[in-house]
Structure formats: structure tokens, C-alpha cells
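Undergrad: I would like to see how this sequence folds:
(one chain, ligands or ions: 1)
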Amino acid sequence: MSEIHVVRKDNRQLYESYFDPYFRLRHEIYVKQRKWMALDRPDGREIDQFDTDEAVYLFCLDEGRLIGAMRAVPTVSPTLMSEIFPSLNIRGPIHRPDVYELSRIFVIPERRGEHAGPRLDMLLLTAIMEYGISTGLTGFSIVLESWWLPRFERCGWKAHPLGLPEMMDGMSVLAVLVDCDEATWTSLCGQIGLSKPTLTWRGLNGVNRRALPDLSPLARPAAQPARLIRRDAGDHAA
Ligand code: COA
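TA: Predicted coordinates for the structure are as follows:
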């Protein structure tokens with residue numbers, strides 16, 4: 001059974017042993033398999049300047065094994081879009097506390113396209129939406145390859161282009177801003193058969209966030225507002 005864990009500077013010490021395999025997996029997937037040679041490093045780990053203390057990671061773990069991940073970086077700090085691909089965003093850089101930039105989504109090759117349960121990439125897309133609405137985000141900026149657009153369309157992610165696609169190293173790449181809202185999260189949960197929030201917030205009791213509602217129609221009336229979890233409230237939804 002796979003679980004998606006939120007990993008941030010506040011609880012990173014609990015996940016320290018995953019970081020070396022995580023960066024090695026990124027090297028294996030992005031450098032060796034996808035041949036994004038600009039990311040190559042002699043130590044066999046793919047780490048960049050956006051892997052800072054402020055980065056938030058979603059780690060998909062199955063019986064203790066890292067099988068997928070995604071990274072979110074605050075746009076008030078430098079991002080891929082602002083530093084490496086500024087020409088893709090003709091509206092000018094996004095520096096907003098309510099917008100995080102997503103990158104490095106991957107699923108290990110043997111767990112892609114699964115049909116026994118929800119596809120892990122769908123689970124990650126649902127989980128990051130849950131993270132966003134739980135922590136008060138309204139959008140995600142992303143530099144992505146154009147082939148993501150029909151996938152987003154199919155799963156209900158609302159992606160607004162910030163400029164025209166450009167060809168880079170044989171890839172058609174563009175910048176988008178995706179809405180982060182409860183309706184999208186609810187719809188995604190319905191598509192993959194989730195009836196309640198999925199994220200594991202281990203060691204993050206001190207983080208201000210909303211507890212999202214149980215989505216089972218029997219569990220709550222549709223209009224019930226989400227509860228606010230206050231700092232130090234001692235909640236641990238996982
Ligand atoms: N170019 C074009 N299409 C791609 C693609 C690529 N590089 N990678 C995946 N796709 C398409 C596949 O053609 C497939 O389409 P289909 O469903 O119509 O047949 C679909 O995406 C599913 O991809 P698949 O890899 O089988 O499984 P998945 O949906 O479980 O996982 C990813 C999707 C992107 C998470 C997974 O392919 C992955 O980890 N890739 C490596 C990391 C990566 O490139 N991440 C994106 C940039 S950060």
C-alpha cells in the first residue's frame with residue numbers, strides 16, 4: 001500500500017535516510033534515462049540549487065521503499081521558471097506566497113502505468129493538490145513539456161499558459177500556472193477512488209493547516225467547512 005508523505009525542513013530529520021536514494025533516483029531517471037545531461041553530476045546524484053531548506057517534497061513510499069516523488073518550491077524564492085526559463089513566462093516572474101513551483105515528478109519505472117490501484121502519478125497529482133489547499137496555496141507554477149497538457153486536461157487540472165511553448169533540446173516546453181482549489185482536489189479524489197485525504201504529515205504537528213474533510217457522502221454534509229488546525233494544536237493526521 002503506497003503512502004504519500006509530506007517532507008519539509010520541519011520533519012526532514014525523520015526522512016534523512018531517504019534523501020540519498022532520492023537524489024540517486026533523480027539522477028538515474030533524469031540523467032541516465034531521460035538524458036537531461038545538464039543535470040549530470042559526477043557523484044551520481046541529481047541535486048540543484050532549488051533543493052533548499054524551503055523545498056517541500058512529497059515522497060511516495062511503499063513498505064519503506066521510495067517509489068515516486070514530487071518537489072514544490074516557494075515562488076518567493078528563486079525558481080526554475082524565474083532563474084532558468086524566464087523567457088517562457090511572458091507575464092514576468094511569479095513571486096507569490098500562495099504559489100509554489102512544482103518540479104521533478106517521477107514514478108520509478110516498474111511502478112508506472114499501474115492498473116491494480118490508482119496510478120501513482122495521479123496519486124501524486126491529487127496529493128500535491130491536497131497539500132496546496134491544506135496550506136493555503138492558490139496555484140502551482142510549472143515549467144513542463146507540452147505532453148502534460150492533455151494529461152492535465154483529462155484529470156481536471158486547470159493549467160493556464162504563461163507564454164508560448166519553446167523547443168529546448170528537442171522538447172516542446174512551456175510555463176503554466178495551475179489552479180489549486182478544493183473542487184479540483186475533490187474531483188481527483190473521485191477519479192482515483194479516494195474518500196478522504198491521503199497525505200501523511202508525520203512530525204508536522206506544528207504546521208498551520210486546514211484539516212480537509214472526509215469525502216464520503218455519508219460522513220459529512222456537503223457544505224461542512226473544513227476545520228482549521230492551529231499551530232501547536234497537536235493534530236497528527238497520519
Ligand atoms: N514524453 C511523452 N509522453 C510521455 C513521456 C515523455 N517523456 N513520459 C510519459 N509519457 C506519457 C506516456 O506516453 C503515456 O501515455 P499514454 O498513457 O497515453 O500511453 C503516459 O505518459 C503514461 O506514462 P507512463 O510512464 O507509462 O506512466 P505514469 O503515468 O505512471 O508516469 C511519469 C508518468 C511522468 C510520472 C513517469 O513517466 C516518469 O516518472 N517519468 C520520468 C520522470 C519525468 O519525466 N517526469 C516529468 C518531468 S519532471
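
Undergrad: can you list the weak-confidence ranges in this structure?
TA: 114-117, 217-238 (pLDDT under 70).

Undergrad: where do the strands sit along it?
TA: With strands called from DSSP state E, the chain shows them at 2-7, 56-62, 65-74, 99-107, 139-145, 159-161, 166-168, 171-179, 199-200, 209-211, 227-229.

Undergrad: so which of those gets nearest residue 46?
TA: strand 99-107 (8.2 Å; CB to CB). For glycine as for every other residue, the C-beta is placed from the backbone atoms N, C-alpha and C.

Undergrad: Please list the residues of the protein that sit near the ligand.
TA: Counting by CB under 6 Å from any ligand atom, the residues of the chain close to the ligand are 29, 34, 103-107, 112-113, 119-121, 147.

Undergrad: any chance of those residues in a markdown table, plus neighbour count?
TA: Written out in a markdown table, the entries for these read as follows (neighbours: other CB atoms under 10 Å):
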| residue | neighbour count |
| --- | --- |
| 29 | 18 |
| 34 | 12 |
| 103 | 20 |
| 104 | 22 |
| 105 | 18 |
| 106 | 23 |
| 107 | 21 |
| 112 | 13 |
| 113 | 9 |
| 119 | 17 |
| 120 | 23 |
| 121 | 20 |
| 147 | 9 |
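
Undergrad: Of all the strands of the chain, which one comes closest to residue 193?
TA: Evaluated with CB to CB, the strands of the chain place strand 2-7 nearest to residue 193, the distance being 13.6 Å.

Undergrad: what about the closest residue to residue 186 other than its chain neighbours, distance to the ligand?
TA: The shortest distance from residue 186 to any non-neighbouring residue, by CB to CB, 6 or more residues apart in numbering, is to residue 215 (6.3 Å). Counting by CB to the nearest ligand atom, to the nearest Å, the gap from residue 215 to the ligand is 23 Å.

Undergrad: Fine, thanks again, bye for now.
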